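S.K.: Everything below, folded, please.
(one chain, ligands or ions: 2)
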Amino acid sequence: MTKKELRAAMRRKNLGITPSERAAASGRIFARAELSEAFGRARTVGVFCSLADEPDTSEALARWSATGRRLAVPRVEGDVMRFYEYDPRTMRPGAFGIAEPGPEARLCEPRELDLVIVPGTAFTAAGARMGRGRGYYDKYLAQPEVHAVKIGVCYAHQLVGELPSEPHDVAMDCVITD
Ligand SMILES: Nc1nc2c(c(=O)[nH]1)N(C=O)[C@@H](CNc1ccc(C(=O)N[C@@H](CCC(=O)O)C(=O)O)cc1)CN2
Ligand SMILES: Nc1ncnc2c1ncn2[C@@H]1O[C@H](COP(=O)(O)OP(=O)(O)OP(=O)(O)O)[C@@H](O)[C@H]1O
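M.R.: Numbers count the residues shown, from 1 in each chain. Ligands and ions are numbered 1, 2, ... in the order given. Presented below is the predicted three-dimensional model:
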């Protein structure tokens with residue numbers, strides 16, 4: 001299967017999950033992330049704002065921000081992605097229809113992130129990742145100032161035995177599924 005075919009197959013499966021299954025699976029995934037040692041230690045956590053074919057991060061964002069965790073969410077700016085402090089009041093629709101922080105949001109420097117929760121189209125248990133094919137996370141995580149622990153999250157069917165690897169691919173420290 002080519003990367004393109006694998007992406008299409010995963011998207012189909014991800015969108016085939018019922019809303020209640022998605023809520024339950026997302027609840028389990030982010031509860032597990034919360035129990036990780038890296039989460040316990042992290043002052044600032046990078047979290048994505050989910051698309052329909054991804055585990056739903058909205059409850060985790062609400063819960064973690066309500067319990068005082070400093071959260072940062074990505075904004076796509078042309079070819080690059082940057083993280084900004086999460087404040088539900090500044091969020092608005094951005095590139096690809098993904099909710100993103102508005103112009104008033106405070107930039108979170110790459111070195112400030114202690115943990116990043118990373119979306120992906122497919123992962124291996126060893127931490128290899130395939131994304132949506134634009135390299136935003138690979139470019140972001142490859143910056144020398146990034147010291148964050150990287151946790152990939154996906155549905156169980158997105159965990160595969162093998163992925164084509166390229167030199168620029170950045171590996172996850174662990175992968176959490178439902
Ligand atoms: N939730 C989330 N946010 C994220 C990412 C992600 O994978 N998930 N990204 C990780 O890199 C970046 C955005 N990357 C993207 C790369 C390609 C497409 C894309 O191909 N979109 C389709 C149409 C939209 C759709 O799929 O409905 C397209 O443009 O053809 C979307 C986002 C930054 N933010
Ligand atoms: N560190 C990097 N510096 C410059 N270009 C990069 C880097 N990492 C990836 N790219 C470029 O990004 C493009 C997409 O790469 P790839 O298909 O591996 O993305 P992906 O991991 O699936 O996507 P994403 O990270 O957006 O979810 C490639 O053309 C690659 O050359």
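
S.K.: Do a quick rundown of the helices in the protein.
M.R.: With DSSP state H as the criterion, the chain has helices at 3-15, 19-35, 37-41, 58-66, 136-141.

S.K.: Quick one, which of the ones you listed gets closest to P164.
M.R.: Evaluated over the helices of the chain, closeness to P164 peaks at helix 3-15, with 6.5 Å, by C-beta to C-beta. Just so you know, the C-beta spots here come from the backbone N, C-alpha and C atoms, and that holds for glycine as well.

S.K.: So which residues make contact with the closest one?
M.R.: The contact list for helix 3-15 (C-beta atoms under 8 Å, 6 or more residues apart in numbering) reads 1, 52-54, 121-122, 130, 132-133, 155, 157-158, 160, 164.

S.K.: Farthest-apart pair in those, please.
M.R.: So, the contacts of helix 3-15 by C-beta to C-beta: farthest apart are A52 and P164, at 25.6 Å.

S.K.: Near ligand 1, which residues of this structure are found?
M.R.: 48-51, 54, 74, 76, 81, 96, 98, 119, 131-132, 134, 136-137 (C-beta under 6 Å from any ligand atom).

S.K.: Check these against A60 and report the nearest one.
M.R.: S50 (9.4 Å).

S.K.: so who does the closest residue to the closest one other than its chain neighbours touch?
M.R.: Distances taken as C-beta to C-beta, 6 or more residues apart in numbering put T57 closest to S50, at 4.5 Å, once the chain neighbours are dropped. Listed by C-beta under 8 Å, 6+ apart, the contact set of T57 reads S26, F30, V47, F48, C49, S50, I117.

S.K.: can you rerun that using 10 Å?
M.R.: With contact taken as C-beta atoms under 10 Å, 6 or more residues apart in numbering, T57 is in contact with 26, 29-30, 33, 47-51, 64, 71, 73, 99, 117, 119, 153.
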